[in-house]
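[1] 3D, please:
(one chain, ligands or ions: 1)
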Amino acid sequence: MIPSPRIPSVDALLRDAALAPLLADYGRSSATAALRQVLDALRAQLRSGTLSAAHTAPAAIAAQVQQALERRHAPRLKPVFNLTGTVLHTNLGRALLPQEVVERVAQAMTSPMNLEYDLEDGGRGDRDDLVTDLICQLTGAEAATIVNNNAAAVLLTLGALAAGGEVVVSRGELVEIGGAFRIPDIMAQAGCRLVEVGTTNRTHAHDYERAISEHTALLMKVHTSNYAIQGFTTSVADAEVAALAHAASLPMVVDLGSGTLVDMAAYGLPPEVTVAHTIASGADVVTFSGDKLLGGPQAGLIVGRKDLIARIKRHPLKRALRVGKLTLAALEATLRLYQHPETLAQRLTTLRLFTRPASAMQAQAHALAPLLQTALGSDWQVTPSPMRSQIGSGALPVDSLDSFGLQLRPASKTASVTQLQERLRRLPRPVIGRAQEGALWLDLRCLEAAEQDEFVAQLPSIPAQT
Ligand SMILES: *Cc1c(COP(=O)(O)O)cnc(C)c1O
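    Got it, this is the predicted structure:
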């Protein structure tokens, strides 16, 4: 009978030279925990009779411990390649910040900053003041305040201006944004009563008018960011709702969702209503996101009439929802790029991605196709192909941008799109595409030249099909 292999003790292994580098790199407690885990697995193999002596050598054990430690210490939040074709992909982190913005954030992380310190008189400052002037210049609003995201902006605005009262909204605008944000739920949380007017497809001025009573706190419009109602439809323009509100001495609030600061059409993109236009139409308060079309950090911007913004800032929720210095550093640096509209499309990452011409992606697709074909072998057919990208994050849900990319189509019985997606997700920098029409589509809009080498370099590491 072959004698069963012997598993060395924890103590003996901790003294063994094979484990010394791991103790130094990861620390004694982490390395010991990983070692115990590996030894438990070996003992289980021993009991089931599947353990071979080769696996019990200190060097072999050390190699397994190293793997376990690398897995355990690998960052959970890591870069991926967004080849989904959706530029502002909420699940992939929305807007990417320009490097010059990142440098300002890094500075705010490592240096003391005048976050709430008035450098003129040495007294206490207000963190909103760091960006208020810029935001007012860019939107035409009188005042502004910043919170954690647009959902928080809506919650705070309603809580401060409408708690205990009624808020009139068109039925066609009771939106749900990605699961947990629903206008009716936010209303309830803010302590106001929702009064729905009109129908899903048609709301008229007289619907608003009839709903106004002594309980009404404000009229609200919500940008239908992530859907479009088409066909037999009527909605009431911002200016008209504002006029109705003002006639009744009520404020008109607009949740603009994405809210762009510049005319997208000027950059050859589908038009989207700007914050400035909404303010000029008579809205008293407008809320929008920092990390959608604006292209900055996650934040919620609330802009509008001075007296209303002052009430919003005094509400206790403002303190709970305020942003930190990293967000303000990123937001200020992003907004500064807007002071120079001529260079915006080059310097603001999101706008640069939106405006990449399809011909750039087409050239990339032709360069990458043979490399990907070699990496995937004959089970797959890799074809450069025109496709359409989305702006994403509920901006311009219907419009899309001409793009180009690669279609990976199964060319054998064993090739599976789902499995290929999983293999690409297991790469050091996971590649995320979209499954469509029986193929995996890799839209190259978000693969800029600076990152293409990294993409190519890891192609040989695509895990084999199982
Ligand atoms: C995206 C969006 C929100 C939520 O904004 P976040 O910044 O994600 O919190 C709210 N309302 C509308 C209309 C939106 O489009």
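[2] So, low pLDDT: which residues of the stretch 1-150 of the chain?
    Scanning the stretch 1-150 of the chain for pLDDT under 70 picks out 1-3.
[3] Repeat the analysis, applying 90 as the threshold.
    1-6, 49, 51-54 (pLDDT under 90).
[4] and it, which residues reach the ligand?
    Residues of the stretch 1-150 of the chain lying close to the ligand (C-beta under 6 Å from any ligand atom) are 149-150. Bear in mind the C-beta positions are built from the backbone N, C-alpha and C, glycine included.
[5] So which residues of the stretch 1-150 of the chain form helices?
    10-15, 20-26, 28-47, 58-73, 99-110, 129-139, 150-162 (DSSP state H, counting those that start in this stretch).
[6] For the second one, name the packing helices and strands.
    Going back to what we said before, that points to helix 20-26. In terms of contacts (3 or more C-beta pairs under 8 Å, 6 or more residues apart in numbering; DSSP states H and E), helix 20-26 is packed against helix 28-47, helix 58-73.
[7] Which residues does that helix contact?
    14, 31, 34, 62, 65-66, 69, 73 (C-beta atoms under 8 Å, 6 or more residues apart in numbering).
[8] Contacts for stretch 331-344 next, please.
    Counting by C-beta under 8 Å, 6+ apart, 97-98, 100-101, 104-105, 130-131, 134-135, 137-138, 146, 261-262, 290, 294-297, 299, 323, 347-348, 351 sit against stretch 331-344.
[9] For that stretch, list the C-alpha coordinates in PDB.
    Below are the C-alpha coordinates for stretch 331-344, written out as PDB (Å, rounded to 0.1, in the frame of the first residue of the first chain):
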ATOM      1  CA  LEU A 331     -17.000  69.700  -9.700                       C
ATOM      2  CA  GLU A 332     -15.200  73.000  -9.600                       C
ATOM      3  CA  ALA A 333     -12.500  71.700 -12.000                       C
ATOM      4  CA  THR A 334     -15.100  70.200 -14.300                       C
ATOM      5  CA  LEU A 335     -17.100  73.400 -14.400                       C
ATOM      6  CA  ARG A 336     -14.000  75.400 -15.200                       C
ATOM      7  CA  LEU A 337     -13.700  73.500 -18.500                       C
ATOM      8  CA  TYR A 338     -17.000  75.000 -19.500                       C
ATOM      9  CA  GLN A 339     -15.600  78.500 -19.300                       C
ATOM     10  CA  HIS A 340     -13.700  77.600 -22.500                       C
ATOM     11  CA  PRO A 341     -16.400  76.100 -24.800                       C
ATOM     12  CA  GLU A 342     -13.900  75.900 -27.700                       C
ATOM     13  CA  THR A 343     -11.800  73.300 -26.000                       C
ATOM     14  CA  LEU A 344     -14.600  71.500 -24.100                       C
END
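[10] Any part of that stretch near the ligand?
    No. Under the criterion of C-beta under 6 Å from any ligand atom, stretch 331-344 makes no contact with the ligand; the nearest approach is 12.7 Å.
[11] where's Ala435, which helix or strand?
    strand 434-436 (DSSP states H and E).
[12] what about the helix or strand following that strand, average pLDDT?
    Later in the chain than strand 434-436, the nearest helix or strand by DSSP H and E is strand 439-443. The predicted model gives strand 439-443 an average pLDDT of 97.
[13] tell me which residues in stretch 23-32 are buried?
    Buried residues in stretch 23-32, counting neighbours by 16 or more other C-beta atoms under 10 Å, are found at 23, 26, 30-32.
[14] Looking at the residues you listed, spot the one nearest the ligand.
    Ser30 (36.7 Å; C-beta to the nearest ligand atom).
[15] okay but that closest one is in contact with Ala68, surely?
    No. In this structure, Ser30 is not within contact of Ala68 by C-beta atoms under 8 Å, at 9.7 Å.
[16] count of neighbours near Leu194?
    When neighbours are defined as other C-beta atoms under 10 Å, Leu194 has 18 of them.
[17] Just list whatever residues bridge to it.
    Counting by DSSP bridges, Leu194 forms beta bridges with Val167.
[18] so where is the stretch 151-300 of the chain shaky, pLDDT-wise?
    Scanning the stretch 151-300 of the chain for pLDDT under 90 picks out 171-187, 198-207, 223-237, 258-259, 270-272.
[19] which residue ranges form the strands in it?
    For the stretch 151-300 of the chain, the strands defined by DSSP state E, counting those that start in this stretch occupy 166-170, 176-177, 181-182, 193-197, 216-222, 252-257, 285-289, 300-304.
[20] quick one on the thing from earlier: want to throw the helices and strands packed on helix 20-26 into JSON lines with distance to Gln465?
    Shown next, in JSON lines, are the helices and strands packed on helix 20-26 (distance: least, C-beta to C-beta, whole Å):
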{"stretch": "helix 28-47", "distance to Gln465": "26"}
{"stretch": "helix 58-73", "distance to Gln465": "22"}
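[21] Next one: the residue in the chain that the ligand sits nearest to from Arg104, what distance?
    Closest residue of the chain to the ligand, C-beta to the nearest ligand atom: Gly257 (2.4 Å). For Gly257, the distance to Arg104 equals 26 Å [C-beta to C-beta, to the nearest Å].
[22] who has more neighbours, those two?
    Set side by side, Gly257 and Arg104 show more neighbours around Gly257, with 24 against 20, by other C-beta under 10 Å.
[23] Looks like that one contacts Asp291 (just checking).
    No. Using C-beta under 8 Å, Gly257 makes no contact with Asp291, being 11.8 Å away.
[24] Tell me which residues touch the residue nearest to Ala242 when sequence neighbours are not counted, please.
    Nearest in space to Ala242, with sequence neighbours left out and distances taken as C-beta to C-beta, 6 or more residues apart in numbering, is Gly282 at 3.0 Å. Gly282 sits next to 238-239, 242-243, 246, 252 when contact means C-beta under 8 Å, 6+ apart.
[25] From those residues, list just the buried residues.
    238, 242-243, 252.
[26] Farthest pair within those residues?
    Asp238 and Ala243 (9.7 Å; C-beta to C-beta).
[27] part of a helix, is Glu342?
    Yes. With DSSP: H, G, I helix; E, B strand; the rest coil as the criterion, Glu342 is part of a helix.
[28] So what's the residue count around it?
    7.
[29] Distance to Met361 for the helices of the stretch 1-150 of the chain - can I get that in a markdown table?
    Output for those, formatted as a markdown table (distance: least, C-beta to C-beta, whole Å):
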| stretch | distance to Met361 |
| --- | --- |
| helix 10-15 | 53 |
| helix 20-26 | 41 |
| helix 28-47 | 44 |
| helix 58-73 | 35 |
| helix 99-110 | 22 |
| helix 129-139 | 30 |
| helix 150-162 | 30 |
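[30] tell me the most buried of these?
    Comparing the helices of the stretch 1-150 of the chain by mean neighbour count (mean count of other C-beta atoms under 10 Å), helix 150-162 comes out on top with a mean of 25.
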